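Q: have a look at this prediction, sequence included:
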Amino acid sequence: GAGVSQSPSNKVTEKGKDVELRCDPISGHTALYWYRQRLGQGLEFLIYFQGNSAPDKSGLPSDRFSAERTGESVSTLTIQRTQQEDSAVYLCASSRRTGAHEQYFGPGTRLTVT
Amino acid sequence: AQSVTQLDSQVPVFEEAPVELRCNYSSSVSVYLFWYVQYPNQGLQLLLKYLSGSTLVESINGFEAEFNKSQTSFHLRKPSVHISDTAEYFCAVSPPNAGGTSYGKLTFGQGTILTVHP
């Protein structure tokens, strides 16, 4: 079946503009995660959705970052007033159910803020 | 809180040589341990995981990792590498189930780029 998809694959934006990144999880996966990977660094957890529970936003670096997910479907990560330090690859992952520990990752969105 | 340290950012080896990619973690609670691999121009894929039981876990392509609780390590090894093993490898940890719910938030190391030369 189809894996996790993300769009766009690349995004170049000017400092101060807002961007929206999209993630389509694998159908039936109840858990969805967003991570960020800056150049030369490991992945940083941003936010976690599990079904209809309140999301864990503890990894969001500032109030310029927000994310939404409707039910168990698509999620969008929005970055307002982008800064150059927001440049990174943003990765989305989903997992099948509560208790499952294999996360399936999308190909990522490479964001460049000029 | 957990943290993961991958001691080598880059590991160059020749084909058919053995390799070890090192991973150490820090946590105040027990953790689950993972190795993910990212091949060029592809997404992250789970390579192997330790949840419980035997401390030695293996992948289908010949990699193995051993959980060493006393040394808080989960080093990845392969006795003979192939060109196709060239990739970036990430060690990660997550907290175990708690209170009947599972929370699979992963904490990653910085990654090790394995380059296999002919």
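A: It's in.
Q: near chain B, which residues of chain A show up?
A: A:3-4, A:31, A:33, A:35, A:40-45, A:48, A:50, A:56, A:59, A:91, A:93, A:95, A:98-103, A:105-108 (Cβ under 8 Å from any Cβ of the partner chain). The way it works is simple: take the backbone N, C-alpha and C, and place the C-beta from them, glycine included.
Q: mark which of the residues you listed are buried, thanks.
A: A:4, A:31, A:33, A:35, A:42-45, A:48, A:50, A:56, A:59, A:91, A:93, A:95, A:98, A:101, A:103, A:105-108 (16 or more other Cβ atoms under 10 Å in any protein chain shown).
Q: out of the residues you listed, which sit inside strands?
A: A:31, A:33, A:35, A:43-45, A:48, A:50, A:91, A:93, A:95, A:105 (DSSP state E).
Q: bridged to the spatially most central residue of chain A, which residues?
A: Using Cα atoms, centre = their mean, the residue of chain A that lies closest to the mean C-alpha position is A:Trp34, 3.3 Å off. Beta bridges link A:Trp34 to A:Ile47, A:Cys92, judged by DSSP bridges.
Q: what's near enough to touch it?
A: Counting by Cβ atoms under 8 Å, 6 or more residues apart in numbering or on different chains, A:Trp34 makes contact with A:23, A:45-48, A:67, A:75, A:77, A:90-92.
Q: quick one, phi/psi of B:Thr5?
A: Phi and psi for B:Thr5, reported as degrees, to the nearest 10, are phi -120, psi 120.
Q: wait, it touches B:Ser27, no?
A: No. Look at B:Thr5 against B:Ser27 with Cβ atoms under 8 Å: they stay out of range, at 11.9 Å.
Q: show me what B:Leu33 is bridged to.
A: Beta bridges link B:Leu33 to B:Tyr50, B:Val93 when assigned by DSSP bridges.
Q: wait, doesn't it sit right on B:Tyr50?
A: Yes. Checked against Cβ under 8 Å, the pair B:Leu33 and B:Tyr50 is within contact range at 4.4 Å.
Q: quick check: A:Arg96 vs chain B, distance?
A: 10 Å (Cβ to the nearest Cβ, to the nearest Å).
Q: what sits against that residue?
A: A:26, A:28-31, A:102.
Q: shaky segments in the chain?
A: Since no chain was named, I'll use chain A. Regions of chain A meeting the criterion pLDDT under 70 cover residues A:1, A:97-101.
Q: not quite, go with chain B.
A: Looking at chain B by pLDDT under 70, you get B:97-103.
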